[in-house]
Every structure is written in structure tokens, then in C-alpha cells.
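Participant: I would like to see how this sequence folds:
(chains A, B, C and D)
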Amino acid sequence: MDFGYASSQQALRQEVRDFIAENMTQDVVEEVHGRGEDGRGPLMNDLFKKIGERGWLGISWPKEYGGQGGDRLTQYLVEEEFARVGLSVGGGGSGAPAIMAAGTQEQKDYYIPRIIKGEISFAQGFTEPSGGADLASLQCRAVEDGDEFVINGQKIYTSSAHVSTHLYLMARTDPEAPKHRGISIFLLPMDTPGITVRPLWTIQNDPPAPEGTTYGTPRTNETFYENVRIPKSSLLGELNMGWYVGAMGLNLDRVGASRYLISVRRDEDIVNLAKSDSSEYLNIRNNPTVRDKVAEMWIEAQVCRLMTWRSMSIVESGGNFTYEGSAEKVWAPEHGLRATEAYAQMLGPYGQLLNTSANNVESGLFAHNLLGAFQSGINHGSVQIMRDQVARRGLGLPRG
Amino acid sequence: MDFGYASSQQALRQEVRDFIAENMTQDVVEEVHGRGEDGRGPLMNDLFKKIGERGWLGISWPKEYGGQGGDRLTQYLVEEEFARVGLSVGGGGSGAPAIMAAGTQEQKDYYIPRIIKGEISFAQGFTEPSGGADLASLQCRAVEDGDEFVINGQKIYTSSAHVSTHLYLMARTDPEAPKHRGISIFLLPMDTPGITVRPLWTIQNDPPAPEGTTYGTPRTNETFYENVRIPKSSLLGELNMGWYVGAMGLNLDRVGASRYLISVRRDEDIVNLAKSDSSEYLNIRNNPTVRDKVAEMWIEAQVCRLMTWRSMSIVESGGNFTYEGSAEKVWAPEHGLRATEAYAQMLGPYGQLLNTSANNVESGLFAHNLLGAFQSGINHGSVQIMRDQVARRGLGLPRG
Amino acid sequence: MDVLLSENEEMIRNLAREFLEGECPTSLVRDMEKDELGYSQDMWKKVASELGWTALSLPEQYGGLGEPLQFLGLIFEEVGRHMAPVPLLSTMVSALTIARDGSEAMKSDILPQVASGDLILTYSFQETDPRLIESAVQTTATADGGDFVLNGKKLFVDNFNQADKLIVTAKTGKGLTLFLVDTGSAGISTEKEVPTAKDKQFAVIFDNVKVSADSVIGEIDKGWTTAEYMLDLGAVFYASQMCGAARKDFEMGLEYSKNRVAFGRPIGAFQSVAHMLADAVMYIDGGELLTREAIWKMDQDQPYQVEVSQAKAFCNDKLQHVTVYSQMIHGGMGFMMEFDIHLWYRRVASWSMRMGSTFEHRARVAQGILDTPGNVELGMIQALPA
Amino acid sequence: MDVLLSENEEMIRNLAREFLEGECPTSLVRDMEKDELGYSQDMWKKVASELGWTALSLPEQYGGLGEPLQFLGLIFEEVGRHMAPVPLLSTMVSALTIARDGSEAMKSDILPQVASGDLILTYSFQETDPRLIESAVQTTATADGGDFVLNGKKLFVDNFNQADKLIVTAKTGKGLTLFLVDTGSAGISTEKEVPTAKDKQFAVIFDNVKVSADSVIGEIDKGWTTAEYMLDLGAVFYASQMCGAARKDFEMGLEYSKNRVAFGRPIGAFQSVAHMLADAVMYIDGGELLTREAIWKMDQDQPYQVEVSQAKAFCNDKLQHVTVYSQMIHGGMGFMMEFDIHLWYRRVASWSMRMGSTFEHRARVAQGILDTPGNVELGMIQALPA
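Facilitator: The predicted structure follows:
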């Protein structure tokens, strides 16, 4: 057992913090939250390239692909620092781990170094309007036609489609097969002809998010595919085995800092707010009942952290998850909800005031958070599905 | 809407309280908690007859059967007062409502007046070792043989079999039929030859319960049936329709004071304890955090009360439940559990000390309660099954 | 004892529901969120002068209908259910406060205008320290000849921009005094607050605002009990609105769960979803029963403060869960501007933070049960300590 | 960072588990509940002299093995898992307190005897006001020549009837002082306490009990930090025992849910039961991680008090749920004396009330995060305020 950081890790943490303080400027944040169709835009792209130049996107990736061959824990530590300001730098999203695991040599050689440099980023085209949490029921079709696949269909919540260079798309390739066995995954450039991206604005869009964080990006997308033609080399892994490739990617995606930090950032915020001299009027520090609640939430947050540390320890030791990744995905979002509700009551009427409001607290951070708190219990599989996985895969309970 | 008691009801309440103060003596309590095989015994039987003489067992029953033809709310009020000291006087258990609803004229004429006088009481023979919450899977057989039924099988948790005069038994009469459609209900005297009663002691038996209450009777029973011969007139309702007769009885049984009071009595106790001058050392009244928790539990207890009042109002107005009775059975026991855990932490190390312990609080009442708190979430269908009923019957959700 | 609605009560409720189902589509709710004024003048006219909502529970001698508050509580459930953009709550809390403690002249002047819908009112109490206690009031009213001069800042004032007059609680020499002040008085300025509900709230700043002595409500220096009544009305009617809103929100989640298919069956067939919905309906029922009981006690002239706090604390705590369940059942849709479900979510959340937090109301319940003489008993009368 | 068990740690854990699986059937646990003395002398001999549990984390120069507390924590998980009736916790909390602050003479005398299993110890702090704060100690130690005279009453003293010596915390002139006292000293009497765990607890009354000056642990009047260390050890090792007990209890519920059929399928196939069990395993994992982290911090000489309180508060709060779930899954069986599952239920409940309630430990966590200078950060060092 070792519950500490190495001093080299502490030093790296400080280095990352200094980088963020210098580069994560308000104009970057505003670009992310901009209402236009241009989304992340040039400033953020530059920032990602700078992060790539430092090698921080590839710490734990093999050297032959441009990574540093380092350990996953150090990678995690860097992710954690970026996650604090709302940036996900987990190695290019769920695309990269799946490409490493299932890609051809060509695919690895092409994508991994570019992901590590911050040049390529993937949007994830999984969910469809009719499917929701039941991913495997997807309808989007990919039909073989000579050397190509032709894709037709629709995806929803394609969250960074407007700012990504590439798409990581799940489509049905065999409509006759059982639903999990007729799905394939494709890698394609976002600018492939036939793709239309339509913005969907979330309720965190109005008014815009508080300053200093990109957490709660207010835009997601619907994406439409009309006779999108891509070469057969776009297929990732075996034909019709995409469900298993995708599930593996999702599982790996579940490990990491950003999932956990989204749910516990407010715990640090409320404590630090309560400690600030100017917050006496909020009656947090001087109210024993509120203090008890703050402590309760803080302890839960520690459990979130420790569950994440456990997952990282398992990955680092080369072990396999049974339920630990899913457990994180139950515990952290549900904690986030409990904390959100608790802090709303602590702040009383201040808790409802948004960023554009007079007299708000911390730029309306807590109110803004409240608008999206339930969301982390839905993304990437609802907490109930994750709980099923703990029970079925972790505890070996039979299916109902 | 009317959330109050009539003054005549208030007067009756006082009358019942005075009666209890006079008659519910410590030797009666000790008899109930006695370790011998004799259970309720003569003192308790006398007490029930006295209660019967006052007419309090039959307030809401029709006059032609010896009742007072009064309203269900007044009956409820009397039940509530007796429930406070752990006595269930709900009209003879689940037997009586079912007999009124499904019995023959002879059965009604025979049983109802005697139940009202406190002369006849029913033990309930439903659950079997293999069945648990899945009542309908019962194995106990009743086979027609001439003018008789012959019963063979086994029941468990036949809670008052050792003190009741009669048995209200569910047995399978058609093993070929679907499981809900081959069950019948029988009424028979406990002293019918072939019935064996074996005590099962609960964990509340050791050490015995606190003074002044019979709550948490420490004995239940297994009952064995070996060629028990009963006349055909023992059948209640139609042959093979016993599931529906029983379900109706259980449903009616769910309405009432004792279910709710078992779960909320500790709420009154903790507040009154905290208010007593000698309890300063327990740090309840002077600790704002504990006060907050006491208030939270108190509010929940009010909801328990109001849900019971609602059920009573529905019964009184001649309406039918969809989910309200089941809602009570979820809310009250789960509240009871939350309160038990909360009070354990409030009392700290005192909370663990049982009746026979030096330095205990309130004769170990809270510790004793803790030993059985989870039990009210299991009796008469688990809270999860009740929650299913709220969802299926109340909200019209499809079965899973 | 009969906790169900009487025929009369059902009629009141149904009339309000039918009206709002017809006249208050979510498109209107959305428009009013963006509207500068923020309420439908047309609807206000109808509910006040045609349906008589503002007259309903005001005394008959001042143009009211003299009906119990219980009726008004049912109206607020419907207002919450439909998120009706009308300044009814702030107007009625203020008017009922005046009806209780205002001078004869004030009542004769103000209440008939409220009853007819010609006057919109609001009230203010909370300041920088937002607690609902006497000592948190820092706004001062200084005697100046026969008049008073107000200085200070009130926060979280509902509908100030819609109101003709507002009640101001201020410190006078030896206690608290309430004043009824024209919203257009010289020296008043505002800051716009934007709550997640996106209904209208303002901070109101008083800079040497002159008010005459006849604008005092109740006795000078002895305004705390009047203020408590006002705050209790606010708390309990907000609870009514929350119950109505949460029930509709739940019904939408329930409906969706029956139709949305995943893994080959309606999601409501999954026990985890079914149990969420079962919990939701029990939370709503509990909140509704507590709220209705509190209002009933007000009608009976029985002590009601513990009951009001029970209701608001429970609604704050549990109805937020209800709306979260509905959001989760709706999946990503719940998070999208273009679907309606968030309209209820945002309001229940916001309202749960107004007129006393769960912590504050529980502290008051604790006072009622722990700091009073004698043993407690569930269902019996429980007053706050004097 | 690697929060998993190392090979060594797994070996320690497995050895303990194998031993107790063989030697500690529930029949022994039940016998010891009824036994007047209440522990197995045979098992004590084995775990002390053969398995070395009492020597494990004591310093090598006093006959110990010098291993980290982390190892001992794993032993306590197993002791909890099997409810082993041995006075290990009270002995080791006391011995480690002596090892930290006892005089050289005391350490040389006492610790080797503990290491070899020849001495059983216990400790006392709580009194009528059971809070774990300095001011709650009312027992006095009055100087009398070179000796001290103890007067007072300690409650909730584990294993007093089994122990040779006990640590007593008492008020001296200007503060708190700890004494190591023979349990057979003249003037000591006891009252038997019966906790739901049915392990042995006593109230111990001191009536002019004479102790010599060399029985003082640490400095006179400055015993509070020593006492805090002792109480932290008690709290965290009780947390370890609770984790072990809750995990076994959960495993039995899980197993039962796979085999017990109702409504045509194993009850574990119902989502409501499956989710209960999923929650249970997450609660246990959380408690275990927090507890192990706290002990690790003690080993590292880092501040650990916030971590100890985090662990005990969480275990108190959540592990009780775990055992209730298991009871509910077992249905009526859980309530019957003749089945075993209640043995764990009664212990986890009882232990959750010892060595600091959830309220007390959360108050301490709040101090650590709210009353210290500087911003907090999860996963960083957080000391209590001085």
C-alpha cells in the first residue's frame, strides 16, 4: 500500500499548474463558451498543441508512437490538473485506447503520434435519438460498396463534433445479426463529405458559464450522415465486432481524472469559499450543522478520489477490472448530485443566482453546476446501468 | 380537508390511555416476554377480554355482529393508543376483515362477535421456509377427503400461534393450477389434532425487552401440520381462490396504526428523552447538528403519520387504494431504519447498551429497537415488493 | 379527520388546472423568462378579475371572498404545476400580511385593489446575511418628523419590477417595523438577479427613501411577529408551488418511462427506474400532505409555524430529488434547451433555496419540539417556544 | 501511489484469514458471548505467541517485529471478519500508546510481555459525558506524596475483566494525565455493560485507587496528545474491524441472494436486490480505502487525524447499511437467534457507536478542512488546527 505521491510527481504537478496559470487565459475560456458555430476555435487548438509539445498528452504511451513510455499514474496526475479547469486531456478521448488495442499497424502509426501531438482529436458518434443508454440498439447503417463503406444515419450528443478533427463512429454493418454482433467502428475525418453537424444547446448555455473554467461546455451536437463514403481502411478492428471494441474503449475511458473531478470540484470550492474572509455572511463556517454536512460531503469526495486511485493502481499493475471502473461511475456522479443539493441549501437564496446575476457567489459557479449536476449520472451509461455492472460483473449476480 | 381530531375522539383517546395506565401492568409485560412455552398466557388473555368488554375491538364493525357500527377513524385512534405500548388490537388480525368480506353467513356469525369480544384471535399461517416473500409459491397441501380437508405441510414465522385460539391458514388445494390459482384459505382452531408449534426465538429475546412495552415480542414459531383433518366448512371463500382472499386481507391489514407506530415510536422517545432534565450528558439538545437530525427524523415521522391518515381517510370515504397502503409500508419501515441508525449515533456508546446493562438509557429501549429495526421492512412483504406495488399498481408501470 | 380534498376543494383545483392547461403553454413560460417584465398581463387580468384568485382568501369586507387559505394553497399548487408567469405569490403574501396587521385605512385602500387585480404587491426581508431572523435585518428606518427614512439593501425580492408597492422590513429604534412602500419612490434603485428559475428577482437599494407614518403595517418596533407571518406565508406557498411543479415534472418522467424503450422494454419496466418513480410519488405525496396540513392549521388559528417549517424543509429536501429523477429518466433530453422538462427542474431547484433553507427550517422544527415544555406526541399541537 | 495490497500484505492477511477460518467457528463466537470471561485463552495464546500478532507492530527493541501499523490493520480486518473473541484491540491500542509515550522503564517492562502474549491490556477514556474531548474527563488523579489517588468512573471499557492492566485518563492539576493501572488494584469496582455486540464492556469505578508516579504515561498534565493518539488508534482499528465484519456479512448476503429463489428466480436477479448489494460492496470498499489510508498516514508520520475521522465517520454511517441489507436479504432468518447472520449485524452496530460517533468525527473533519489556513485540495495533507 502506498497512498502518496512521489516527489517527482509533485514537481510535475506544479509544472502543470504553472502552465495552466499562464496559458488558460480568459479569452480561451470565452472561446470555448462562445455562442458561435466555431466552438473550440483557434485559441484552444493552439493550447492543445502546446500541451502536446510538452509531451503531456502522451506520458503513458509507448515511445515508438511519440509517447514517453511513462506510467499511467503520472499521466493521471496531469489529467487531474487539467480537469480542474475543465479540460479533458485524457489522450484524445476514447479513440486512442481503442486504436492502440484494436487498430492496424497503419492506423496506430497514423493516429497515435498525431493524437499525442494534439493534432488529431476524436468526437464520439455512439448515441442515437432512439437509443439513449441502450447503445447497442443503434440504427445508423454502414453498407459495403466496393472498396468503400457508405454511411447513412443520425447521431445525437456528438459532443465535440464541432471542434474535433475526426470521428469515432459506431454503425450497424449487419442488420440481420443479433444486435451486439452486427456493429462496426469507423475512424473518419470530420470533413468527410455528407456529414452535417447541428448544434444542440444545453441548459448550461444561458447564461454562459462562470469565469476561469471551461467546465460545462454548453454545446453538444446532432450529426447527420448522408451517403458518407469512406475507404475500407477506416474500419477499426474486425467487421461486426465493433460493440466489443467500443465497450473496451468505454471501459478504459471510465478510468481517469476528469470523471472524478467533475464530481468533486465543488467540494473543494465550497470549503475554500467558506474559508475566505469575505464569506462570513454565508453562514457556512460558523454553523455546526452546515459544517457537519460539509464534512460528510468531503468524506464522500475522498472516497471518489480513492476509488479513482484504486482504478489507476489496477491499471498500473496490469490487472483487470471486474467492477471497479463501474463503481467509480456510480459513486462519483451520485456524490456530485448529493453535494450539489447540499451546497444549494447551504448557500440558500445565493445558490440560485447565475453568472449574469447581481449579488451572485463565485460567478454563479454553484448555480451553474446545479444546472448540469444530474448530467454526469447519464453520460457514458447511466448510474443504474453502471450499478448493474457492479452487480453482474463484479458480484456475479444473475441477470434479472 | 380536515387535519384534526373531533373532541369526542380526543375524549376517547384519554379514556383508552387511562385504561392502559391501569391495566397494562409490568406483570402483563413480563408475561409477554416470558421465556416459557406459554407465551401470552392468562394475564394477556384477560386483558384482551377487558378490552373487548369496552367495545374497543369492534368500534367500526357492524352492530349485528356485536360491533358499534362506528367509523374507522375512531377505531384507528384506539388502535394507535394500544400500539404505543406494543399491543395490536386491529380487530383480530388479518382474519377478521377477510371473514367479513369473503366468509359465509355462518362464519361471520360465529367468528366476528367472538373476535370483537376478544375471545377468538387468529395466528396467520402464510409463510413457508422455502417461500419467504414469495408467498404464492407455498407447498403446504390441503387435500379433499370426503367431508373434510386433510392438511400436511409446514409454516414458518407463525408469529402468535402459541397464544392464538385459531389459525388462518393458506394451503395449496390444486397443485396443477398456476401458482396463484390453486391456493385456499382455511379457518381452524389451534388445538386441532396434528398441529405442532415449535418456538423460534428472535434476537430480541436475549436480553429481554425494556419495561413498559410489549413491543418486540421475542417469540415466533414454526408450525407443522401432519394429517390435520378439518371440516369443509373451514374453507374461507371459494376453493382455489384463497390467494385473492388473502391478498385482500393483507391489503386491509396494511392500513392501521400499529404498522406506523412501530416505526415512529422512537421519534417521540428520543425527543422526550432529550427534553428530560437528566439527559444533559447525552448532548442531544445542546448540539445543533444533532438537533438538525432529530428534526429531519421528526418530519419524516410526520409523513408516516400523514400517510396513515390518508389511508384511513380513503377507507372511511369508501374509496379504494391503488398504492397508498403500499406507500405506507415502504415509507414507515424505511424511516424506522433511518431513525434507528441516526439515534444510535446520537446516543453514541449508550446506544449499544441493552436492558440488562449497567448505565443504559431508557432501559435499553433504543438498543433493543435496533436489534429488530430491519424487521419491519420484511414483515408482510418486503419494502422492495411494496415499492414494486406502488410502481405497478399505483403508477401503472409495466412488469420487468 | 379527512385529509383528502373535499368536493369544493377539488372543484377549485380543477378549475385552476383547466384554465392553466388552456392558457399557460410552456411557450408562454419560455417567453416570459426572456421578457423584461416577466409576467403575462393578460393572464393576470384573467386570474384576478375573472377567476377571482386574488380575492379568494381576502376578507369579504375588503372585496374578498373570505375563503380559507387552503383554497389559495390549491391554487398555488396549480400555479407551480403550470409555472404560471403571474405575480400571485408575492401579491398574496403581502396582501394577507396587510389583512392581518395593516391599519383599517390601509386595508380599505389596498385590499380591494388587490382583490380586483389592480394592484400588484411584493415583500422584502432577506439581506446580505440571508437568514430569516430578526437580527439579520440591517435596513434602517429613521424617524424624520412624522415620516420615516429608509436606508439599506434588500436581496431576493420577487417581482419588484412588476409590483406597485412592496413591504419593507426595517430596524426602527427598538425593534422591527414593516412599511408599505411605493416601488417608484425616490431613492429606490435595483440590481437584477438571475435565478435558475428565471423568474424575476431583484436586489432593492434604499437610499434615503421617505415613507409616511401611515405606511406602517402593524405596530412600530413590534413588527417581528408580522414579519414572521409574512415569511411563513411565503414559505408555505412556495412549498405549494413546489409540490405542484414536482408532481407535473414527475408525471412527465413517468409518462416518458412508459414509452421510451431501451434494452427491448419500456425503461419503466426496470425495477431501478420503477423504484425511482415510486420514491418520487411518495416524496410528492409527503410534501403535499405536510404543506396542506400547515395551511389548514393557519386556517384553524392553531399554531402553525412548526408545520410550515416541516413542509418547507421536506419539500426543499425531497422535491429536488424528484426533479433529478425525471431528468435522469429523460437522459440527454433533460439537458437540452429545446425540450421542456428543464423548465420545472430549474424552478423547483430555485424555489427550494427561497424563504428558508432546509437547515433553517429544521432548526425551527427542532426549537418547536426540543425547546418547549412537556412531552411531544406526533399529530398533536406543537407551538414554537415563546 | 498504489492502493492495492502488496504481496507481503496479502500474505499477512491470508495467514490470518486461514488461521481464523480454521479456529474461529461461529459456535466459538456464540460460546464466548455467553462466557463470563468472554475470550478464548487458547486462541489468544496461538495468535500472540505462535502467529505473533501482538508483537507484529511493536518496536524490535522491546520484543516486537517492528512492522508497520498497516499490517496490524489488516489483522484487525480479519479479527472483525471472524469476530475473533480475543482482546487484541484493547491490548494493542494500549501497548502502542505506551510504545509512543511510556517511560523507558515502562516500555521495557510492559511491551515484551505484550509481544509474547503474557499481558492483556485495555484503556479507558469515556465517562458519563461520552464525548472524546479533554473537558469530558472528570476522573481525578490527586497527587499524594509521590503517588496519585484516582477517583471517578469510566464507562465503556473494553475487556476490563480480561485485562491485567488498564490505561486511565484523569484530570491532574493543569491538564490530563495517563496512568497505567493494575486492574486488580484496591478501590476498583465494576459494573457490567451489555452491548449489542455482546463482547465484554464494563464501567470501572475508581474509589481512592492509589497508583505510583512511575505508572504515568508521558508527561503529567500534558496527556491530551497521548490520549488523542490512543483514541485515534482505537477509532481506526475499530474501523478496520468493522470493514472486515461488514465484508463477511455482505458476502453471506450475496451468497444467499444467489441461491434463494423467489418468484421463480434467485432474489439476486432482482435489480432492487442487486443494486443493494452493489451499494454494499462500494460502501465497504470506500470504508476500507479510507481506513487503510489513515493507518498508512500514521505509519508515514504524516498528519492522520482528519483521515482517521474520515474513516470512522464513513464506516459508522455506511457499514451499518451494509449489514441491514444483508439482514433484509435474509428475510426472517436474519431475525432468528439460531442463524448466524445477526452475529455480524450486532457487532457492526455496536462498534459503530464506539470511539466516536459519526457526528463527532465529522466535526473533527470540519475542523481540519475549515479551521486551518490556506485552501484545501483533495488528496493533499490536511492537519487539524493546532
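Participant: need the contact list for the nearest residue to A:Gln302 once chain neighbours are set aside.
Facilitator: Nearest residue to A:Gln302, sequence neighbours excluded (C-beta to C-beta, 6 or more residues apart in numbering or on different chains): D:Gln310, at 5.7 Å. Where C-beta positions appear, they are placed from N, C-alpha and C, glycine not excepted. By C-beta atoms under 8 Å, 6 or more residues apart in numbering or on different chains, D:Gln310 lies in contact with A:Trp298, A:Ile299, A:Gln302, D:Leu290, D:Ala294, D:His361, D:Val365.
Participant: tell me how many other residues crowd the second one.
Facilitator: Read that as A:Ile299. Close neighbours of A:Ile299, defined as other C-beta atoms under 10 Å in any protein chain shown, add up to 25.
Participant: could you say which helix or strand holds the residue nearest to it when sequence neighbours are not counted?
Facilitator: Excluding its sequence neighbours, the residue lying closest to A:Ile299 (C-beta to C-beta, 6+ apart) is D:Gln310, at 4.8 Å. Taking DSSP states H and E as the criterion, D:Gln310 maps to helix D:305-330.
Participant: near chain D at all, the lowest-mean-pLDDT helix or strand in chain C?
Facilitator: One helix or strand of chain C scores below all others by mean pLDDT, DSSP states H and E: strand C:261-262, with a mean of 89. No - using C-beta under 8 Å from any C-beta of the partner chain, strand C:261-262 stays clear of chain D, coming no nearer than 13.7 Å.
Participant: and the contacts of that strand?
Facilitator: Contacts for strand C:261-262 (C-beta under 8 Å, 6+ apart): A:Gly131, A:Gly132, A:Ala133, A:Asp134, A:Ser137, C:Ile267.
Participant: need the residues you listed in a markdown table with distance to B:Trp56 and pLDDT, can you?
Facilitator: What follows is the contacts of strand C:261-262, written out as a markdown table (distance: C-beta to C-beta, whole Å; pLDDT from 0 to 100):
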| residue | distance to B:Trp56 | pLDDT |
| --- | --- | --- |
| A:Gly131 | 61 | 75 |
| A:Gly132 | 56 | 72 |
| A:Ala133 | 55 | 73 |
| A:Asp134 | 57 | 80 |
| A:Ser137 | 61 | 86 |
| C:Ile267 | 49 | 92 |
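Participant: select from those residues the one having the most neighbours.
Facilitator: Counting by other C-beta under 10 Å, top hit in those: C:Ile267 with 25 neighbours.
Participant: ranges for the strands of the stretch 251-386 of chain C?
Facilitator: C:261-262, C:265-266 (DSSP state E, counting those that start in this stretch).
Participant: from the chain's centre, how far out does the last one sit?
Facilitator: Right, strand C:265-266. Remark: strand C:265-266 is offset 39 Å from the chain centroid, using C-alpha atoms, centre = their mean, to the nearest Å.
Participant: does C:Tyr123 touch C:Phe160 like I think?
Facilitator: No - taking C-beta atoms under 8 Å as the definition, C:Tyr123 is not a contact partner of C:Phe160, at 10.1 Å.
Participant: before we move on, back to that, closest to chain B among the contacts of strand C:261-262?
Facilitator: Distance ranking of the contacts of strand C:261-262 against chain B, using C-beta to the nearest C-beta, places C:Ile267 first at 9.6 Å.
Participant: which residues touch that closest one?
Facilitator: Counting by C-beta under 8 Å, 6+ apart, C:Ile267 makes contact with C:Ser257, C:Arg260, C:Val261, C:Val273, C:Ile329.
Participant: burial count for the first one?
Facilitator: C:Ser257 has 25 neighbouring residues, counting by other C-beta under 10 Å.
Participant: with the last one instead?
Facilitator: The tally of other residues near C:Ile329 (other C-beta under 10 Å) stands at 27.
Participant: how many residues are close by the closest residue to it other than its chain neighbours?
Facilitator: Closest residue to C:Ile329 apart from its sequence neighbours, by C-beta to C-beta, 6+ apart: C:Gly253 at 4.5 Å. C:Gly253 has 27 neighbouring residues, counting by other C-beta under 10 Å.
Participant: quick check on residue 234: phi, psi?
Facilitator: Went with chain A since none was named. The phi/psi pair for A:Ser234 (degrees, to the nearest 10) reads phi -80, psi -20.
Participant: same check on A:Glu334?
Facilitator: Dihedral angles (degrees, to the nearest 10) for A:Glu334: phi -70, psi -40.
Participant: now do the same contact list for it.
Facilitator: A:Glu334 touches A:Gly377, A:Val383, counting by C-beta under 8 Å, 6+ apart.
Participant: so, low pLDDT: which residues of the stretch 301-400 of chain A?
Facilitator: A:379-381 (pLDDT under 70).
Participant: can you show me the helices along the stretch 151-300 of chain A?
Facilitator: A:242-253, A:257-275, A:288-316 (DSSP state H, counting those that start in this stretch).
Participant: oh, that last question was meant for the stretch 101-250 of chain C, not what I typed.
Facilitator: For the stretch 101-250 of chain C, the helices defined by DSSP H, counting those that start in this stretch cover C:104-115, C:224-259.
Participant: which of those helices sits most buried?
Facilitator: Comparing the helices of the stretch 101-250 of chain C by mean neighbour count (mean count of other C-beta atoms under 10 Å in any protein chain shown), helix C:224-259 comes out on top with a mean of 24.
Participant: still on that earlier bit, please identify which of the helices of the stretch 101-250 of chain C is closest to B:Leu365.
Facilitator: helix C:224-259 (34.0 Å; C-beta to C-beta).
Participant: run the angle between the closest one and helix C:305-330 for me.
Facilitator: In terms of direction (axes from the mean of the first three to the mean of the last three C-alpha atoms, to 10 degrees), helix C:224-259 departs from helix C:305-330 by 30 degrees.
Participant: for D:Pro266, see how far away A:Gly396 is.
Facilitator: A:Gly396 sits 11 Å away from D:Pro266 when distances are taken as C-beta to C-beta, to the nearest Å.
Participant: of the two, which one has the most company?
Facilitator: For A:Gly396 versus D:Pro266, the count of surrounding residues by other C-beta under 10 Å is larger for D:Pro266: 19 against 12.
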